[in-house]
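> got a predicted model here, sequence first, then my questions.
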Amino acid sequence: MIGVVAFAASGALAAVRARLDVFGVVVLGMITALGGGVILGVLLDITPPTSLREWPYLLGAVATSIVVFAFHPKLAGLRPAMPVADAVGLALFTVAGTATALAHDVPAYSACLIGMAPGIGGGALRDVLLRQIPLVFHREIYGLAALAGAVVVAVGDTAGLSTGPVAVVGAVLIVSLRLIALWRRWDAPVAPES
Amino acid sequence: MIGVVAFAASGALAAVRARLDVFGVVVLGMITALGGGVILGVLLDITPPTSLREWPYLLGAVATSIVVFAFHPKLAGLRPAMPVADAVGLALFTVAGTATALAHDVPAYSACLIGMAPGIGGGALRDVLLRQIPLVFHREIYGLAALAGAVVVAVGDTAGLSTGPVAVVGAVLIVSLRLIALWRRWDAPVAPES
Amino acid sequence: MIGVVAFAASGALAAVRARLDVFGVVVLGMITALGGGVILGVLLDITPPTSLREWPYLLGAVATSIVVFAFHPKLAGLRPAMPVADAVGLALFTVAGTATALAHDVPAYSACLIGMAPGIGGGALRDVLLRQIPLVFHREIYGLAALAGAVVVAVGDTAGLSTGPVAVVGAVLIVSLRLIALWRRWDAPVAPES
């Protein structure tokens, strides 16, 4: 739920800045929060996707978006907490997505890829709908952090370790990598100029 | 079929204006007309999606796109009829989509969301492929009109009312809201500046 | 595999030019190479899609992308071979996609449409993610070449001809049309100005 709120807030805020109307802000908040889970569901044939069936998620995304729409100038004080909430959301979504993929009898290397969808898919949809190149492709360690956590979960599963502790390790790794990357201003490397 | 023709015409016309070639114009007409139904099918696990299986829909979308490609300067006289045809298409697609979702054993609140896909998904795909922010997010009452009709259908179903009359009420509501919004130049509200 | 390498190289090269980081380059290479197959799998309910399950494809796409990321200035000598490899990839993906759709009990006219997804879907995703109008919509004979090959495969199947030779004819037709179009600088027609 922390992840739903953080992701919905990032989508709704981006939509407010692009001067979308209230429908666009709420839909973009929902797509950012739940769109990655929809991609996961479609790839694993979980239909309709869980993130569209569970009313707490839907309500969380809608309520967050409306609050952002109505009160965003007053929420500026919360901005420092956003990256932490976003990192926690990325970690929980990625770990849960990878575990779901493994439970659907997918090879471990595929589960890492598919499992990243809930964590990074929603943000990528947000950026494409707002006519941006997805941030995850070019800014900071974001996708690589998610990948590291997904690999931990998949390797732990392959090694037969118990799921709970492995998931915690994976999630902590993602949050740590994200926050260290932000703090130290790490960017993933870019190719040499030709 | 009115909806297929109206949506295909809007996609093909936008493609002609973006100077796409004949393949691009026809594909964009088809995606605008049928893409929302494909999203509905994928979310509900109706595969391959009905809108790709039924030749009358495919033929209608292809023929409309080719006519627009070849004769669009001579079709300017039809332009005043486009918003009405588009509103009818939005209404029929949304009502049918919501009913389909309800028939697939989806909770009513999810059915409203998923049911809007056929009505607004195709236009959103059209805009993204042409590098625009989807119009449905920021212009006029469009998504909210569809939502209102979808809610009528879902509430009617939950209340056990007979499907036919409820669908008519939902569709008339959507058409009315759309045309009144266009006529009075209503826009959905935008968030306050920060 | 030729197709996977050619498509991954085109995606990774476009990503390098857009100054994406290493994660973005590899993901874009993978999406360009495998994204069309994912669309095919989702439309036909092959989940998880084959292109995400088979490690040779994944490895080919990842390795190609990393090579492009690291060595792209030194690979300029290979550039003349790219269109040929791309045409071969388009041909193999389209023929295989159409055959897969036909094997899933889809009407022949739908199989042509769905079967083009592996060949042109990945490139279209690449362009949208990099904020471009898909090249397939407006440059050269590309989609029409794929369509011609898909029609050959679908008609041959409907006529009860044996699959192997028909697939070879379809693939040769696609490669020939593509290379002749490049050589003669054929473009598909654009609509008249209004």
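Perfect, I can see it now.

> stretch A:10-26 close to chain C?
No - with Cβ under 8 Å from any Cβ of the partner chain as the threshold, stretch A:10-26 lies outside contact range of chain C, at a closest distance of 14.3 Å. C-betas here are computed from N, CA, C, even on glycine.

> that stretch: end-to-end distance?
Here the two ends of stretch A:10-26 are set 11 Å apart, with distance taken as Cα to Cα, to the nearest Å.

> what average pLDDT does that stretch get?
On average, the pLDDT along stretch A:10-26 is 91.

> chain center to it, what's the gap?
Remark: stretch A:10-26 is offset 18 Å from the chain centroid, using Cα atoms, centre = their mean, to the nearest Å.

> would you mind listing the buried residues in that stretch?
Under the neighbour-count criterion of 16 or more other Cβ atoms under 10 Å in any protein chain shown, stretch A:10-26 has A:10-16, A:18, A:20-26 buried.

> and for stretch A:65-76?
Buried residues in stretch A:65-76, counted by 16+ other Cβ under 10 Å: A:65, A:66, A:67, A:68, A:69, A:70, A:72.

> ok, and what's touching it?
Contact with stretch A:65-76 is made by A:8-9, A:11-13, A:16, A:22, A:25-26, A:28-30, B:191-194, as judged by Cβ atoms under 8 Å, 6 or more residues apart in numbering or on different chains.

> for the nearest residue to residue A:13 once chain neighbours are set aside, give me the pLDDT.
Counting by Cβ to Cβ, 6 or more residues apart in numbering or on different chains, residue A:13 lies nearest to residue A:68, which is 5.6 Å off, once chain neighbours are set aside. Reading off the confidence values, residue A:68 has pLDDT 91.

> may I have the helix or strand hosting residue A:68 as CSV, with CA atoms only?
Here residue A:68 is covered by helix A:55-71, with elements defined by DSSP states H and E. In CSV, the C-alpha atoms belonging to helix A:55-71 read as follows (Å, rounded to 0.1, in the frame of the first residue of the first chain):
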residue,chain,number,x,y,z
TRP,A,55,-10.7,-2.5,-4.1
PRO,A,56,-8.1,-1.4,-1.5
TYR,A,57,-5.5,-0.8,-4.2
LEU,A,58,-8.0,1.0,-6.5
LEU,A,59,-9.3,3.1,-3.7
GLY,A,60,-5.7,4.0,-2.5
ALA,A,61,-4.7,5.0,-6.0
VAL,A,62,-7.9,7.1,-6.7
ALA,A,63,-7.8,8.8,-3.3
THR,A,64,-4.1,9.6,-3.5
SER,A,65,-4.6,11.1,-7.0
ILE,A,66,-7.5,13.2,-5.9
VAL,A,67,-5.6,14.5,-2.9
VAL,A,68,-2.7,15.4,-5.1
PHE,A,69,-5.1,17.1,-7.6
ALA,A,70,-6.7,19.2,-4.9
PHE,A,71,-3.9,20.0,-2.5
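
> list the buried ones in stretch A:132-143?
Within stretch A:132-143, the residues scored as buried using 16+ other Cβ under 10 Å are A:133, A:134, A:135, A:136, A:137, A:138, A:139, A:140, A:141, A:142, A:143.

> what's the answer for stretch A:181-189, then?
Neighbour-count burial for stretch A:181-189, counted by 16+ other Cβ under 10 Å, picks out A:181, A:182, A:188.

> out of the residues you listed, which are close to chain C?
Filtering those for neighbours of chain C using Cβ under 8 Å from any Cβ leaves residue A:188.

> in helices, which of the buried residues of stretch A:181-189 fall?
Of the positions in those, A:181, A:182 sit in helices, assigned by DSSP state H.

> give me the residue from chain A nearest chain B.
residue A:24 (2.9 Å; Cβ to the nearest Cβ).

> the residue of chain A found nearest chain C - nearest residue in space that isn't next to it in sequence?
When distances are taken as Cβ to the nearest Cβ, chain A approaches chain C most closely through residue A:137, which lies 3.0 Å from it. Leaving aside its chain neighbours, residue A:137 sits nearest to residue C:24 (3.0 Å; criterion: Cβ to Cβ, 6+ apart).

> residue contacts, the one you found?
For residue C:24, the set of contacting residues under the criterion of Cβ under 8 Å, 6+ apart consists of A:134, A:136, A:137, A:138, A:143, A:188, C:15.

> the second one and residue A:143 touch, don't they?
Yes - counting by Cβ atoms under 8 Å, residue A:143 is a contact partner of residue A:136 at 4.9 Å.

> okay, and the common contacts of these two?
Listed contacts common to residue A:136 and residue A:143 are A:120, C:23, C:24; contacts here mean Cβ under 8 Å, 6+ apart.

> past the one helix or strand the residue nearest to residue A:137 maps to, which element shows up next along the chain?
Counting by DSSP H and E, the element that carries residue C:24 is helix C:22-44. On the C-terminal side of helix C:22-44, the closest following helix or strand by DSSP H and E is helix C:50-53.

> is chain B within reach of that following helix?
No - using Cβ under 8 Å from any Cβ, we find that helix C:50-53 stays clear of chain B, coming within 14.8 Å at best.

> distance from that helix to the middle of the chain?
Taking Cα atoms, centre = their mean, one finds the center of helix C:50-53 at 15 Å from the center of the full chain.
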